[in-house]
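>>> dropping the sequence and predicted coords here.
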Amino acid sequence: IEPGDGSLLACGRWSPPSSELVTLRHSFLDPVKNKKFRRIINEEKFVKFFGPAKAGRKGKGKRCNVFGHEDYLKKAPKMQGVTKDHKDIDLLRLKTVGVSMTFKDEEVLSPEFKYILFEVFKARSLFSHWLKFCTLN
């Protein structure tokens, strides 16, 4: 909780070690895991809280879904079979796989805030479980 509209809720893997990042990228290359991940980040409630899953929103200083920050590769990662025009290059270029949401002071101080947080936590739970599953297996 941060006064001045700076309260933040975040979930994901921020700048994970390279071995974990390689594991995540291999998960993005797996058709079943990729489909599940894309379904999660495009789910209606997830998008409501974390924004649409659209790559290419760089330099704004605000994350939008898993995209939108400057923490991505400018080129394709050096992985066998991955080129700059790979169908999943948007995910493969990520260096951080995370989402965040900020709250205004009036939201944090409102009696309904605990209900808002509950809904946000529900929306991000599948995302969190997917990351845990992929990095542990």
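Here it is on my side, so go on.
>>> what's the neighbour count on residue 83?
Using other C-beta atoms under 10 Å, residue 83 has 9 neighbouring residues. For every residue, glycine as well, the C-beta is placed using N, CA and C.
>>> give me the phi and psi for the residue nearest to it when sequence neighbours are not counted.
Distance criterion C-beta to C-beta, 6 or more residues apart in numbering; nearest residue to residue 83, sequence neighbours excluded, is residue 76 at 5.7 Å. Dihedral pair for residue 76: phi -60, psi 140, per degrees, to the nearest 10.
>>> residue 76 contacts residue 82, doesn't it?
Yes. Judged on C-beta atoms under 8 Å, residue 76 makes contact with residue 82 at a distance of 5.1 Å.
>>> quickly list what's touching both of the two.
Residues touching both residue 76 and residue 82 by C-beta atoms under 8 Å, 6 or more residues apart in numbering: 89, 92.
>>> which one of the two is surrounded by more residues?
Remark: of residue 76 and residue 82, residue 82 carries more neighbours, 17 against 14, as counted by other C-beta under 10 Å.
>>> residue contacts, that one?
By C-beta under 8 Å, 6+ apart, the neighbours of residue 82 are 29, 76, 89, 92.
>>> from those residues, which two are the most distant?
Distance extremes for these: the farthest pair is 29 and 76 at 12.0 Å, using C-beta to C-beta.
>>> shared neighbours, those two?
Contacts common to residue 29 and residue 76, judged by C-beta under 8 Å, 6+ apart, are 82, 92.
>>> quick one: the helices in the protein?
For the chain, the helices defined by DSSP state H cover 18-29, 31-41, 44-50, 89-92, 105-109, 113-136.
>>> average pLDDT for the first one, rounded please.
The pLDDT scores in helix 18-29 average 94.
>>> ok, now the shortest one?
Averaged across helix 89-92, the pLDDT comes to 93.
>>> so what does it touch, helix or strand wise?
Helices and strands touching helix 89-92, by 3 or more C-beta pairs under 8 Å, 6 or more residues apart in numbering; DSSP states H and E, are helix 18-29.
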